[in-house]
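Colleague: Pasted the sequence and its predicted model underneath.
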Amino acid sequence: MICATPSLITLTSYASDQNALVTGVTTNRISDADLEVKNLMHGFYGHLVKLKPYFVAQSDFEKADNHKEILSQFNSLNDEIVAAMKYRVFASPAQNIVLESFQTHVSEMKTVFESGNKSYAHWMLASSTSLCMSCHTQLPQTTDSKFGAVTDYTGLSPEKIFGEAEFNFILRRFDLALKGYLMLIDGYSNKNLTTEILDRSVKRVVSIYARVKRDPAAGALQFEHFYKNKNLPPIVQNNAKEWMEHFNIWKKEGLDDVSKMSAKQVIDFAYQHIRDAHLDKQVEARDPTVVTNLRVSGVLYEYLFQHTKGPETPDILYLLAKTEYALGPTFFFSLSDLYLKECILNYPKSKIAKQCYKDYEEHVVLSFSGSGGTHLPTDAQNNLRHLKALTHSK
């Protein structure tokens with residue numbers, strides 16, 4: 001979907017909010033850079049509102065009568081993203097990577113739609129929500145928007161509740177989104193809710209508590225509640241138990257104040273927790289390390305926002321790649337390979353660059369491997385040779 005937020009002071013003037021957040025100083029002054037972000041996000045929001053009816057109603061998306069309107073929104077959206085990339089409206093490397101990924105996704109979606117494969121184009125439209133969420137969950141929650149989506153889920157079908165909750169999530173209306181997800185989970189019945197929606201709702205809830213709210217105490221209580229809900233499938237209960245335990249560990253360690261952490265402290269923090277999260281132990285959960293990876297990635301994103309460029313940046317990018325890869329595409333649109341590539345291209349002589357290349361090569365080879373062996377296309381081989389030359393040449 002679209003990285004948008006309609007609030008007067010949220011992500012549209014995101015830099016101002018986050019500077020206030022980390023310094024403790026609030027201000028009503030909006031810089032020229034903040035104004036550019038604000039204008040960009042309001043433009044995205046306009047397209048989002050016009051495309052919203054088609055997210056759930058695939059039949060409407062595929063109707064010939066709606067072809068011109070949808071294509072017009074895709075074209076305008078793509079043009080605005082290209083312009084934003086040209087003028088580098090975001091300071092944070094992580095946010096720029098999301099924007100570049102979003103532009104590629106929208107461009108490909110538009111091409112697929114024009115080719116007539118509207119079913120696949122609709123899937124791309126729906127799956128693009130994770131790209132927005134990758135951007136909108138990078139920093140802690142600072143405000144809740146007051147307009148732009150449904151505020152009362154009463155009387156809606158489970159599918160409609162989920163769709164509206166997702167829309168609220170994208171608009172950074174996290175409390176309202178959380179209300180919808182909890183309605184679905186607490187009222188779960190295999191007769192009224194698909195396991196896919198249940199699974200995604202539970203993952204949205206852990207994302208909100210671990211990376212948006214950064215509230216381990218509330219997260220522990222919520223997942224204790226899920227664990228005790230005998231109506232939920234065993235895999236959900238097992239995940240809930242493991243995540244509850246990780247939230248409790250975090251609560252004992254205390255909140256993470258990134259503004260008081262040096263680059264070395266941030267990097268040591270990340271390595272320690274990533275290592276601890278992968279220590280061998282018998283667990284029944286399917287995704288036991290989720291809370292830790294969301295917590296670590298949240299600290300890394302916030303530090304990178306505060307320090308957009310420095311000698312530690314390639315290490316931060318590498319660690320973000322590790323945590324994003326561990327989370328996988330079921331939580332957000334996986335940006336792991338893009339962070340590795342950013343490390344290689346912009347910091348080829350850094351100490352971590354060779355490791356970035358090693359991991360990137362492994363991911364590429366794995367993506368082209370199957371039962372018939374590994375078959376790398378020529379362009380993929382050329383890309384790897386180019387990146388390796390950057391990091392390994394004297």
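Modeller: Arrived safely.
Colleague: Sketch out the low-pLDDT regions of the chain for me.
Modeller: Low-confidence segments of the chain (pLDDT under 70): 1-45, 56, 86-95, 126-150, 277-285, 329-334, 370-372.
Colleague: the strands in it, which residues?
Modeller: 369-370, 373-374 (DSSP state E).
Colleague: could you pull out the helices for the stretch 101-250 of the chain?
Modeller: Ranges of helices in the stretch 101-250 of the chain, per DSSP state H, counting those that start in this stretch, are 118-127, 129-136, 158-170, 174-186, 195-207, 216-228, 234-253.
Colleague: Which strands or helices does the first one pack on?
Modeller: Contacts defined by 3 or more C-beta pairs under 8 Å, 6 or more residues apart in numbering; DSSP states H and E place helix 118-127 against helix 32-56, helix 58-62, helix 93-115. (Each C-beta comes from the backbone N, C-alpha and C, glycine too.)
Colleague: angle of that helix against helix 93-115?
Modeller: If you take axes from the mean of the first three to the mean of the last three C-alpha atoms, to 10 degrees, helix 118-127 sits at 160 degrees to helix 93-115.
Colleague: Next, the buried residues of helix 118-127.
Modeller: Neighbour-count burial for helix 118-127, counted by 16 or more other C-beta atoms under 10 Å, picks out Lys118, Ala121, His122, Met124, Leu125, Ala126.
Colleague: Show me what counts as buried in stretch 263-278.
Modeller: Per 16+ other C-beta under 10 Å, stretch 263-278 contains these buried residues: Val266, Ile267, Phe269, Ala270, His273, Ile274, Ala277.
Colleague: what does stretch 99-107 give?
Modeller: Under 16+ other C-beta under 10 Å, the buried positions of stretch 99-107 are Leu99, Glu100, Ser101, Phe102, Gln103, His105, Val106.
Colleague: Any figure for the gap between the first one and Phe55?
Modeller: Spelled out, it's Leu99. 21 Å (C-beta to C-beta, to the nearest Å).
Colleague: ok, now Met85?
Modeller: 25 Å.
Colleague: His105 now?
Modeller: Distance, His105 to Phe55, using C-beta to C-beta: 15 Å.
Colleague: how far is stretch 70-79 from where the chain is centred?
Modeller: Remark: stretch 70-79 is offset 23 Å from the chain centroid, using C-alpha atoms, centre = their mean, to the nearest Å.
Colleague: Same question for it: list its buried residues.
Modeller: Going by neighbour count (16+ other C-beta under 10 Å), the buried part of stretch 70-79 is Ile70, Gln73, Phe74, Leu77, Asn78.
Colleague: what's next to it, contact-wise?
Modeller: Applying C-beta atoms under 8 Å, 6 or more residues apart in numbering, the external contacts of stretch 70-79 come out as 2, 44, 47, 50-51, 54, 61, 103, 106-107, 109-110, 113-114.
Colleague: how about 7 Å then?
Modeller: With contact meaning C-beta atoms under 7 Å, 6 or more residues apart in numbering, stretch 70-79 is reached by 2, 47, 50-51, 54, 61, 103, 106-107, 109-110, 113-114.
Colleague: Same question for stretch 109-129.
Modeller: 1, 54-55, 58, 61-62, 70-71, 74-75, 78, 105, 166, 170.
Colleague: how close does the closest residue to Phe368 other than its chain neighbours get to Cys343?
Modeller: Nearest in space to Phe368, with sequence neighbours left out and distances taken as C-beta to C-beta, 6 or more residues apart in numbering, is Leu376 at 5.2 Å. Distance of Leu376 to Cys343, computed by C-beta to C-beta: 21 Å.
Colleague: Comparing these two, which shows the higher neighbour count?
Modeller: A count of neighbours by other C-beta atoms under 10 Å puts Cys343 above the other of Leu376 and Cys343, at 28 against 15.
Colleague: Could you double-check that that one sits in contact with Lys351?
Modeller: No - Cys343 is not in contact with Lys351 according to C-beta atoms under 7 Å; the separation is 10.9 Å.
Colleague: So the residue lying closest to Val365 once chain neighbours are set aside versus His386, what's the distance?
Modeller: Closest residue in space to Val365, ignoring its immediate chain neighbours: Thr374 at 5.9 Å, by C-beta to C-beta, 6+ apart. Note on Thr374: its distance to His386, by C-beta to C-beta, is 19 Å.
Colleague: roughly how far apart are the residue nearest to Val365 and Ser259?
Modeller: 45 Å.
Colleague: thinking again about what came up before, number of residues surrounding the residue nearest to Val365?
Modeller: Thr374: 10 neighbours (other C-beta under 10 Å).
Colleague: Any idea what it is bridged to?
Modeller: Ser369 (DSSP bridges).
Colleague: ok, it touching Ser367?
Modeller: No - in this structure, Thr374 is not within contact of Ser367 by C-beta under 7 Å, at 9.7 Å.
Colleague: With distance to Tyr227 as extra columns, can I get the contacts of stretch 70-79 in JSON lines?
Modeller: Converted to JSON lines, these look like this (distance: C-beta to C-beta, whole Å):
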{"residue": "Ile2", "distance to Tyr227": "35"}
{"residue": "His47", "distance to Tyr227": "40"}
{"residue": "Lys50", "distance to Tyr227": "41"}
{"residue": "Leu51", "distance to Tyr227": "37"}
{"residue": "Tyr54", "distance to Tyr227": "37"}
{"residue": "Phe61", "distance to Tyr227": "38"}
{"residue": "Gln103", "distance to Tyr227": "41"}
{"residue": "Val106", "distance to Tyr227": "40"}
{"residue": "Ser107", "distance to Tyr227": "43"}
{"residue": "Met109", "distance to Tyr227": "39"}
{"residue": "Lys110", "distance to Tyr227": "44"}
{"residue": "Phe113", "distance to Tyr227": "43"}
{"residue": "Glu114", "distance to Tyr227": "48"}
